[in-house]
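Q: Compute the structure for the input listed below.
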Amino acid sequence: MRERHRLTRRTPVAACDHLLEIEPLLVGVGDDLIGIMRRAAKQPATRLIGVVDANGVLIGSMPILRLAEALIVRVAPEALMSGLVDVADIAEFGHAVGARTAGDIMLPPAGIAAEATIEEAFRVMHRRRLSGLHVVGPDGRPTGYLDLLELTLVYVEALESTGDEPSGLDSPPPR
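A: Okay, here's the model as predicted:
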């Protein structure tokens, strides 16, 4: 168990951001949401879109779900209205109705350095409820994309390498 925990503390993001060969999807702050959705549909493995400035620096992030909601609300607002119960949700709904560009719906940037550990990456994803992060260089420009599945594969390999965890669905749970 201790060895597995040490693995997460010393394994850099750079060791796993290429396991699934998922390329980052980057858009400009003024890019139209419909065009972004068309690009995202051609690259479905990338579930977190990076918003970059004119210099290519990551300035925002856009989960696919947020993009989809901003477009669906324009066609079928009732699909999202039914769950609105508090003032914050209603305000967000109103903002989504008027969204037209990446800048209108982007969240703060979600990036991590290639030298950071996978433990740090997981904590950022978990805290922000994201399924990916952009790997960024010292200049803030994205150099890669780390998906939650890639990160989890490293943990799965650690579990399987110790031999003390069931590796198949047919195995009974430990007591």
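
Q: secondary structure class for the closest residue to residue 12 other than its chain neighbours?
A: Once flanking residues are discounted, residue 12 sits nearest to residue 115: 5.6 Å by CB to CB, 6 or more residues apart in numbering. The C-beta positions use only the backbone N, C-alpha and C, and glycine is treated the same way. What DSSP: H, G, I helix; E, B strand; the rest coil gives for residue 115 is coil.

Q: tally of neighbours for residue 36?
A: Counted with other CB atoms under 10 Å, residues neighbouring residue 36 total 23.

Q: mind listing the strands for this structure?
A: Assigned by DSSP state E, the chain shows strands spanning 26-28, 48-52, 58-63, 111-113, 132-136, 142-147.

Q: the bottom helix or strand of the chain by mean pLDDT?
A: Least confident helix or strand, the chain: helix 78-81 with a mean of 55, by mean pLDDT, DSSP states H and E.

Q: these two touch, right, residue 48 and residue 66?
A: No. Between residue 48 and residue 66 there is no contact under CB atoms under 8 Å: 9.7 Å.

Q: Those two: which is more packed in?
A: Taking neighbours as other CB under 10 Å, residue 48 and residue 66 compare with residue 48 leading, 26 against 17.

Q: what about the longest helix in this protein?
A: helix 148-162 (DSSP state H).

Q: between that one and strand 132-136, how big is the angle?
A: Angle between the axes of helix 148-162 and strand 132-136 is 90 degrees (criterion: axes from the mean of the first three to the mean of the last three CA atoms, to 10 degrees).

Q: so what secondary structure elements neighbour helix 148-162?
A: If contacts are counted by 3 or more CB pairs under 8 Å, 6 or more residues apart in numbering; DSSP states H and E, helix 148-162 sits against helix 2-10, helix 118-128.
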